[in-house]
Each structure stands twice: as C-alpha cells, then as structure tokens.
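> Here's a sequence, model it:
(chains A and B)
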Number of protein chains: 2
Amino acid sequence: MEMNDMILISVDDHVIEPPDLFKNHLSAADLERAPKMDTMKSGSDSWIYEGRRVPNFGLNAVVGRPPEEYGMEPASYSQIRKGTYQVQDRIDDMNVNGVLASINFPTFPSFGGTFFLQATDKDFTKKIISAYNDWHIDEWCGAAPGRFIPLAILPLWDIDACVAEAKRVAAKGCRTISFLDNPVPKGLPSVHSDHWDPLWKILEDNNIVVSIHIGSGAQVPYSSLDAPIDTWIVNMPMYIANATTDWLFSPVFKKFPNLKLALSEGGIGWIPYLLERADFTYKHHKAWTNCSFGDLLPSELFKRNFITCFIDDVFGLHNTHFMNVDKITWETDYPHSDSLWPDAPEHLWPTIKHLPTETIDKITHLNAMREFGFDPFKHLPREQCTVGVLRALATHVDTRPVANMGGHNPSNRDGRPVTNGEVMKLFA
Amino acid sequence: MEMNDMILISVDDHVIEPPDLFKNHLSAADLERAPKMDTMKSGSDSWIYEGRRVPNFGLNAVVGRPPEEYGMEPASYSQIRKGTYQVQDRIDDMNVNGVLASINFPTFPSFGGTFFLQATDKDFTKKIISAYNDWHIDEWCGAAPGRFIPLAILPLWDIDACVAEAKRVAAKGCRTISFLDNPVPKGLPSVHSDHWDPLWKILEDNNIVVSIHIGSGAQVPYSSLDAPIDTWIVNMPMYIANATTDWLFSPVFKKFPNLKLALSEGGIGWIPYLLERADFTYKHHKAWTNCSFGDLLPSELFKRNFITCFIDDVFGLHNTHFMNVDKITWETDYPHSDSLWPDAPEHLWPTIKHLPTETIDKITHLNAMREFGFDPFKHLPREQCTVGVLRALATHVDTRPVANMGGHNPSNRDGRPVTNGEVMKLFA
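Presented below is the predicted three-dimensional model:
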C-alpha cells in the first residue's frame, strides 16, 4: 500500500451556504421572510434574518490563501474559493485533495444550528430549518451521490419538533445530526436530564450519529485578552474533553446503548489519558458519588459509543492500541484554517503508514462507512475512489494560493503577536 | 529493582494549617489581628481574618476515611487525620506510604495564597504572609530536615513586595513558590504582560521553581448543575492544559530561559498531544499570528522549562519517549481524595516497572531533586530513604479507615448520583 492507494472519507468539513440556498425549498411567500444574503456598503456579504445580521458569513474560510493572509474573517464571496460554496467546485477541491466523501457542517446557522434559537417566529423558523436540511440533503449532497454524508440541524428549542424533523430527514437519507457539545451554555437542558430522550430514541432507531463539533456549545475561554491568539487555537480541539466527560457520565448511553456520538474536530492523542482518568475517578470515587456504569468501565462505554477523529495526530496514531481502532476516523476541516488542503494525503500518509493495511483502511474510510451507515461504493466502484484516481480527475484544478483576497485579517503589520483581544474586536 | 527499592519524592501534597500556625512568628500585638481559628456552634473549625471567614478549613482532607465517606468538606480537626496538620504525624504518614520527601501546598490561604488578595489592610497582610512562610519553612519543613521541599506564597497584589518576599524566602532555603495557573481570573495581570518580570528574574537567579497547582486561578467550569460531580473530578487535572498553552506562548521563558514551571497535579498522559498540537499551530499559523519561538519549537521550549507530574498515569508512563524524561516527577496528593495513600507504592510500581532503572529513579526522585534544587541525602543516607526502609519505621502507624468521622458528605443516601449542584451548596 502507498499514499495513492488510500481511500479518504473526511467526517468534518464545512460548507459556506450559497446566496440562493433557500430558493428551491420554500414558497415565494416564505422566501420573502427567509434569511437573505445582503452585501453591505463595506463589501461584506452577510445573512439577515428577522432583522438580525450574522456578523460574518464565513468563519475563517481561508483555504487557497497564503498563510500570511489567514485570519478569522473573509467577508465576501469574492474573497473565498468557489469550492467553499459551489458544489461542483467543492467536488474538484475534494478530488485534488484525494478525498472521496465528506460531512459538511453548516456555517451561517452555526455548527449546531444555534443561530435559530434566538428567532422570534419559532414556527416559521422550523420551516426555515427544514428548508435548510432539504437544500443540504437534496441539492448539495444530492449533486454528487457517494460524495457526501448527509447531515441535518434541528429546531433545538422544541423537543417534539426535533423528533419530527429527525424522522423526516431520516427518511430522506440523513446520516448524522449536528448537536451541541454542551447544550447548557445555549440555555437548553443538559444531557443529564431526560428532556432529549425522545430524540435519542429516534436517532438510535435510525442509526443516525450525533455529531458534536468543537465550539458548538461550550467555548474555550480566552486566558486573557493580551494572550496571543495562538493559545486559543491550540486549546480549541482538546477543550471538547470537558464535553466528552459530560456525555460519558450522562445516562444517555446507558439508556440508548446503540446511539453513537462523534467528537468532531476533537483530535485523538489525549483520549487514552482521559479514559484512564475516567476509570480512575470511577473506581476511586463511586462509593460516595453513587456513580454506576453497570458491568462496564467508563472507558469501555466510551469505546462502544464514541466516534473519534483527527486532522493530524502522530501521537494518537502511535497509540491506537489504547483506543477502539474501529471508532477512529479522519477529517480535513476544509475550508478552515487548520485544514491541510490540498496536501492532506501528504500529511496523513507518513503518520499512518506504520499501521497494518487493515487498520489504515478502517481509519481512512471503513470506520466512517460503518458508523455513519454510508456506502459510497454503491455509487462509485471502489477502485475509482483512491487518492491517486481522484487526483487524476483534478488536474485542471488550480490550487496555487491567491494573495490579496481581502477580508478582516488581524495580522499586525509591525510584527507584534496577534492577541485574543484584537481578534475579538473583529466580531464586535 | 523491586517496589521496596524505590525512593519517592512527591511534588504535590497539602498541609492543613494547625490552629497555632502564627504563634511563634508574630508579636503579641500582631497576633491579635492575625487570622484566627474559630470553632463555630456547628462544630466546624474555620479561620477568620479581618472579619472574613474561610468557608471551610479543609478542602477534602479525606485520607483515612472509607471511600463512602469521601466528600468535599471535613469541617473540624477532630474529623481529619493528625498527619494532615501535625508534622510528626505527617512524617509517620509519609513513612507508611514509603514517601521520603514532599512539597506541601497551603490550604486556608488557597493554593496560591489568593485568600489574601481581598485583605483590607494590605501592609499588615504582607506581615501575615511572611509569618506564614516562616512557619512553613522554619517550623513545618524545619521539623524534619530532608523530608520537605520548602514552598512559599507571595503578596500577589504588589510586585515589589513579591520580589522582596521572594528574596527573603530564597535566603531561608525556599525552593518553590506557589503561583497561579492563570492570574487573570483573580484580577491580576497576565503572564503576557511584563508586570511579573522582576519576580521571574529573582526566581530564575535563585533557581526557585514556579509551581502552578490545578484550580489555583482558572476553575474548571461545571458543564451543568445537574451533571454528576464525577465529571468535574475527571476534568480537573487536564484543564491545566489551557494554562500550559498560556505560559508556553507567553514571553516568560523567552526572557527567562532558566526559569522552571511545575504543572502541579496536571497528569502527564495528555502532554504529548498538546505539544504536537502546539507545534502544528505554530507552523501552520505563525505567518499571520506573528508568533515566534526563535530557534525552538513550542514543544522544545516546553521540554526545557516545564516540570510535569502525575499521581497515577499508565498511559503517560508508556509514552515517556514523547516527553522529556528528565522533567517528569511524581506526587501523592495527600490528603486529598485522589490520593492513593497509604498504598501509593503498590499503585506506582506496576505502572513504572517496565522502564529502565535509571528512568524509574529519575521519575521517582532524581528529577525532583535536580529541578527543585533539593538534596535529602545531605541529611539522610540514601540507603535509608527507600520505600522498604521508611515503611519499616512506620509499623506503629494505624492506617485502617476510620468511619463516621463527620463533615459535609454530600453522598445521597437514596443512591442518586451526587451532582455539581449538590456539592456547590456545601460552599454556599
């Protein structure tokens, strides 16, 4: 096996919604009231809904820029690669990166759809969420069968509506819903309550994965405003360890033993430490905390129900024997700034090639296929799905960095470190 | 080598201050105004200073109880082992646990002395802090040469006073000061400012380690009030990863390359992941964040300046080659609830015995001796310092758990999980 023989499925990428997102999925009357794309005098493109503006439509959609021009906020469609919002260009960008299939998290609604929690007309907003899901499943994923694992967002403020929408999208082929790593910071009931049980039941019955993306509910606190932004970037993935413990010690997987949870963008190298710490805590403290995992240890429940993933994780890939190798998956995080596009295979191969071929196949695609119930080989012959073959389809794709694309790049011209405070101002 | 041949130095334990703490270190007039021990009608013992009461004098000083009676708050001296507050009994408890030497963090002043930040009479409070340090260094550590690594706290609100006190305790043999993992949540300047530079200079010049204990500045957020307390316990050590990144990307170790920072109670298994993530972030983002480590990588700076420690960490001890094996140390956390007293050697040995003898010696004592500039063998012949010999001195020590000791045990009699909310009420 060599690099070009890998088959790559990425379980965490992002779509920038195109301006005509709702066009084919709402009546003319409803379209009037739907979120609309607006170009501001500054040239920034942003969504408006019920008079409320999403501050920036793209959260660091920086692929295709030179690293000097990375930053938090490209502000208009003219400043970002077409592959971020046009599906045929996205397929090109996947091919040139050797990626067969991908899960695409939302952008303007936030990872878990939490933008809609603040809507005033909640009934109408349910229609908007359904239209969003129809666009995502039918139009975006539907454009290229076998290339996208369909994801949906839910009207989180209404458990009955969540259940109804989950049923509806399940029937349309949805394979994962984007939930929150912790619903409490958004004013929703915790995963320790029984509030969400009807949703877990539907998802378990339909083998639909709960994906919790880093930053979707709880936010990494800034250590201080004068700290370099690098500190925040470093800490973000592993911060999901707190949410991992929260779900692990919740009743969810004791009640719904076949439900699966994916820790999107969480990395893997820290997981064996956390599992050992969870087992230590359980054995050492359960006599007074009344904690019970029945016949299991916390680490065993984790290995049964939790799907993990990584962008680049040498340490984790040297310690797969401390994890469940059937639950490790991979991601590219396109088009965010941690993405290694268009060289993801060149980064992955040297870090994974020491593993047995069967293990490489599991981590690169077989685990994602099994856990998300997704079979691209129904649509595309396996031998046409490798890095080498997909890249051969993309020789026309120009991947050279484009400079001076514009946007709110916070980089200090005088060479001072960019601080948390300076980045925060961009969102103010 | 076998278990009884290990020589153990613990870099993180705790002292419960005795009621007569200040007696020998202040004038009669000053003693009148010093913090005083008061027994409340409830039977709880607590310190009072300037009319302000420390809610509970002991933070889970639970060694010697059956696990069913662990909890957050033993409330009086009669409810805790004498070894927590009487030094000769402490030596017995160290001997019976095979521990040669120990660093003891404060209890009522908080780990980093932050209780005194709210004092009204700041000048008088400097005297109190000096008296505290004199008691700790001369009386507590002085009672048994070679058995304690002297630690000090500082008047954190006044940088000049910090420097003066650091100089003073350095001359008295202090080897580490207890600082905060992050000073910002306590209203102090960050480690990115140059505010603390005169302190770092004195500490570097005197080879005094900065110890940052988990929970000393930043607190692990509760995921929700109805989450089991186990989630909070699990997450506490690794939460120091956020502070680690903060110090790592600060100017501190670029300006003071010989200053050492100890991550007290942080564990080690997650560290290689964090270092890889820090290097990835640095290489991937420095072009726009203006971050610079000069000739080093972040991981290399960490390995040069950061001292790590663990209570129990199988995964970490299988990955020492991803760390700096000259900076890994060990701890028992006596008398807190994570402590494995009196069986620490029985837990440590099976997890460390696969390593070469020289590596075991480094981790168990040689690293702590070198990094903290502490030589117990000046006082005690090396061959009398092993687990086996120390334990032979402690055959009279009764380690049997004592039940019904009292205190605020939050355990629910009906078997329901103890939640964050129920534990919070104990502090209200």
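
> remind me, longest helix of chain A?
Longest helix in chain A by number of residues (criterion: DSSP state H): helix A:271-289.

> What angle do helix B:271-289 and it make with each other?
On the basis of axes from the mean of the first three to the mean of the last three CA atoms, to 10 degrees, helix A:271-289 is oriented at 120 degrees to helix B:271-289.

> Could you pull out the buried residues of helix A:271-289?
A:271-282, A:284-286, A:288-289 (16 or more other CB atoms under 10 Å in any protein chain shown). Bear in mind the C-beta positions are built from the backbone N, C-alpha and C, glycine included.

> Tell me the helices and strands packed up against the helix or strand following it.
The helix or strand immediately downstream of helix A:271-289 is helix A:298-305, counting by DSSP states H and E. For helix A:298-305, the packing partners by 3 or more CB pairs under 8 Å, 6 or more residues apart in numbering or on different chains; DSSP states H and E come out as helix A:240-248, helix A:252-255, helix A:271-289.

> Would you format the ones you listed as JSON lines with mean pLDDT and distance to chain B included?
Output for those, formatted as JSON lines (pLDDT from 0 to 100; distance: least, CB to the nearest CB, whole Å):
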{"stretch": "helix A:240-248", "mean pLDDT": "98", "distance to chain B": "4"}
{"stretch": "helix A:252-255", "mean pLDDT": "98", "distance to chain B": "11"}
{"stretch": "helix A:271-289", "mean pLDDT": "97", "distance to chain B": "3"}
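
> Tabulate those (a markdown table), appending distance to A:Leu26.
Formatted as a markdown table, the helices and strands packed on helix A:298-305 follow (distance: least, CB to CB, whole Å):
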| stretch | distance to A:Leu26 |
| --- | --- |
| helix A:240-248 | 34 |
| helix A:252-255 | 34 |
| helix A:271-289 | 42 |
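
> I'd like to know which of those is closest to B:Tyr239.
With CB to CB, the closest approach to B:Tyr239 among the helices and strands packed on helix A:298-305 belongs to helix A:240-248: 7.6 Å.

> Which residues does the closest one contact?
A:181-182, A:190-192, A:212, A:214, A:217-218, A:253, A:261, A:263, A:265-266, A:270, A:274, A:278, A:298, A:301-302, A:306, B:220-221, B:223-224, B:227, B:231, B:234-235, B:238-239 (CB atoms under 8 Å, 6 or more residues apart in numbering or on different chains).

> Stretch A:339-348 now?
Under CB under 8 Å, 6+ apart, the answer for stretch A:339-348 is A:3-4, A:6, A:8, A:63, A:93, A:96-99, A:311-312, A:330, A:332-335, A:364, A:387, A:397, A:399.

> buried stuff in it?
Result for stretch A:339-348 [16+ other CB under 10 Å]: buried residues A:Ser339, A:Leu340, A:Trp341, A:Pro342, A:Ala344, A:Pro345, A:Leu348.

> If we only consider the residues you listed, which is nearest to A:Val325?
Taking the buried residues of stretch A:339-348 together and measuring to A:Val325 by CB to CB, the closest member is A:Leu348, at 15.9 Å.

> Tell me if that closest one really is in a helix.
Yes: counting by DSSP: H, G, I helix; E, B strand; the rest coil, A:Leu348 is located in a helix.
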